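Peer 1: quick one: sequence plus predicted model below, questions after.
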Amino acid sequence: MAVEIDISHVARLARLELSDRQLDTYGRQCQELLEHVARIQAVDTDGVEPTSHPLPMTNRFREDRVTPHTVLGQEEVLAQAPDTEGPFFRVPPAIEEA
């Protein structure tokens, strides 16, 4: 299955400006990738069971139990914070204002 990709069209769609050298390089790389995919698709997989993981995966479920010693009160939690303001954690700004 031959597939041809117009790299310049894809670059325009992605709003990329590519030089002729880059278009050439990316064109060859895409063609190599498509050829590799074609080789993989040509592999005979009859009788091979589909799988998403190489080993069986099992969940080890347990009952959720809340015990008094695992629940901290608001005061205990806030006491461990480096900075608080009332009943809230105070953190440094993540985004600077312009």
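Peer 2: In hand now; what should we look at? Residues are numbered from 1 along each chain as shown.
Peer 1: just the strands in the chain please.
Peer 2: Along the chain, counting by DSSP state E, strands occupy 84-85, 88-89.
Peer 1: run through this structure and note the low-pLDDT ranges.
Peer 2: 1-4, 68, 70, 98 (pLDDT under 70).
Peer 1: now for Ile7, how many residues are close by?
Peer 2: Ile7 has 20 neighbouring residues, counting by other C-beta atoms under 10 Å. Placement of C-beta: from N, CA and C, glycine included.
Peer 1: isn't Leu23 right next to Asp6, touching?
Peer 2: No: in this structure, Leu23 is not within contact of Asp6 by C-beta atoms under 8 Å, at 9.7 Å.
Peer 1: which stretches of the chain form helices?
Peer 2: Listed in chain order, the helices of the chain (DSSP state H) span 7-13, 20-41, 74-79.
Peer 1: could you redo the ones you listed as a markdown table and give each row distance to Ala94?
Peer 2: Compiled in a markdown table, those are given as follows (distance: least, C-beta to C-beta, whole Å):
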| stretch | distance to Ala94 |
| --- | --- |
| helix 7-13 | 33 |
| helix 20-41 | 36 |
| helix 74-79 | 20 |
